[in-house]
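Participant: coords below, sequence missing:
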């Protein structure tokens, strides 16, 4: 009778990461309470493909993941606590074949200029140099030298808006799994930094020029010897040396990927003056004047305070202009401001009760850029809750005791109003509203389909589209659009 053979050993790949996009120009720190924390098998909820055949060939070992809405710089003590938990979890696992680094790529931490680089360096100090490390990032992340050195397989989203975020994460995990199973070892990789730093609203893949540049990826990946091609636009609202565009190619033919990476990087560099905003832009007052006769519903993006990119979500530039805009204040036109992060005003609305009229001082409590906190008298039209925004109040602004056309949403926590359900949950109908002002940059799919006319207001805030106005001090120079006459820049291939 033959002896029973032991079952085959599956490769062991650990999973961990911290996922946030941080504006260093926002006055609000990110804290632990801003994050959704998952540990152990709970992490599998992020990976709906975990039971697919290729994935079942791997023993996935999830440790820790923290994810938050984009915000400010993460407080150092919280970061160090989570970093220690990740490193201790890795030590407890022993020898690994691989590691999946589940990150955004634009996290900032107090006192660190390269948080992801610091984290992957710590991880490598525990797992060693042999395990394959893969990562999937937002295309608005940054690829520092340290991050590039610490990872073997790097990729990022290929769409902005990020409709392919899940697809990109699956692609990265599958590539890592199949490469580990193949036994082929580490691929060659090349990085080319490009001295361009542009806001995402100038690099949407819905329009040229980004549309054309990202369309190159299938052609590059079809070349023999290429595993993956990735292009990071970079994160414009952090002031750090790593903030810049980058391309990374991985593959098994070092000469091919080096040649292709340099050619692609040169194509991007030569297109540096071709990028345009995804929608017409104007001042907030200019947008309102235009909105008098625009098609309905009319959407205006309050771009400088977009919480989806790290804004504090409480600047009052847009609201201040609306309070002075007679067509809305007279009630001839209706408008919704979505929204202001203002827990104090939410509590006051709850105390007053639905239907009550009360005085409020809204916004400007965190990011005090002009005009700062604004007094309004309003009727509490609705009180509700939101999975992200928490307790929420809808305030109908009054003037001289009469209704105006202006409605303001105030939320307990920061909240980006990017989908129709967020409005209907509050019994609001943006399709029947003349002007909808949202703290967002380019419109996510729901709002993009809803609008019949759209402009982006170049408002101040932690994610100001006017990068020069923000005052970067630590980025590498020269850099487009901060410097003129940069035609002599020499691109350089970094190999790994």
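Facilitator: Looks like it arrived, so ask away. Source: prediction; values computed, not measured.

Participant: is it fair to say residue 485 lies in a strand?
Facilitator: No: Residue 485 is assigned coil when assessed by DSSP: H, G, I helix; E, B strand; the rest coil, not a strand.

Participant: Read off the pLDDT value for it.
Facilitator: The model reports residue 485 with a pLDDT of 84.

Participant: what's the neighbour count on it?
Facilitator: The number of residues packed near residue 485 is 6, by other C-beta atoms under 10 Å. The way it works is simple: take the backbone N, C-alpha and C, and place the C-beta from them, glycine included.

Participant: same question, residue 270
Facilitator: 9.

Participant: so what pLDDT did it get?
Facilitator: 96.

Participant: list the contacts for the residue nearest to residue 416 when sequence neighbours are not counted?
Facilitator: In space, and not counting its chain neighbours, residue 416 is closest to residue 308: 4.3 Å by C-beta to C-beta, 6 or more residues apart in numbering. By C-beta atoms under 8 Å, 6 or more residues apart in numbering, the residues touching residue 308 are 69-70, 416, 418, 440-441.

Participant: what's the closest of those residues to residue 300?
Facilitator: residue 440 (9.9 Å; C-beta to C-beta).

Participant: Could you grab the helix/strand/coil label for that closest one?
Facilitator: Going by three-state DSSP: residue 440 is coil.

Participant: Please report phi then psi for it.
Facilitator: phi -160, psi 160 (degrees, to the nearest 10).

Participant: That one and residue 323, how far apart?
Facilitator: According to C-beta to C-beta, to the nearest Å, residue 440 stands 21 Å off from residue 323.

Participant: And residue 340, by the same measure?
Facilitator: From residue 340 to residue 323 the distance is 13 Å (C-beta to C-beta).

Participant: that older thread, please tabulate the contacts of residue 308 in a markdown table, including the columns neighbour count.
Facilitator: Putting those into a markdown table (neighbours: other C-beta atoms under 10 Å) gives the following:
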| residue | neighbour count |
| --- | --- |
| 69 | 21 |
| 70 | 29 |
| 416 | 23 |
| 418 | 21 |
| 440 | 25 |
| 441 | 28 |
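
Participant: domain assignment for this structure?
Facilitator: 12-270, 282-464 (automatic domain parsing).

Participant: Quick one, which of the ones you listed gets closest to residue 483.
Facilitator: Among the domains of the chain, the nearest to residue 483 by C-beta to C-beta is domain 12-270 (8.4 Å).

Participant: Compute the first-to-last residue distance for the closest one.
Facilitator: With C-alpha to C-alpha, to the nearest Å applied, domain 12-270 spans 43 Å between its terminal residues.

Participant: Could you say which helix or strand holds the closest residue to residue 453 other than its chain neighbours?
Facilitator: Excluding its sequence neighbours, the residue lying closest to residue 453 (C-beta to C-beta, 6+ apart) is residue 294, at 3.8 Å. Per DSSP states H and E: residue 294 is located in neither a helix nor a strand.

Participant: Number of residues surrounding residue 294?
Facilitator: Number of residues near residue 294 (other C-beta under 10 Å) recorded here: 18.

Participant: Could you do residue 87 as well?
Facilitator: 19.

Participant: Wait, it touches residue 126, no?
Facilitator: Yes: shown here, residue 87 and residue 126 form a contact pair, counting by C-beta atoms under 8 Å, at 5.3 Å.

Participant: For residue 101, give me phi and psi.
Facilitator: Torsion angles, degrees, to the nearest 10, at residue 101: phi -100, psi 100.
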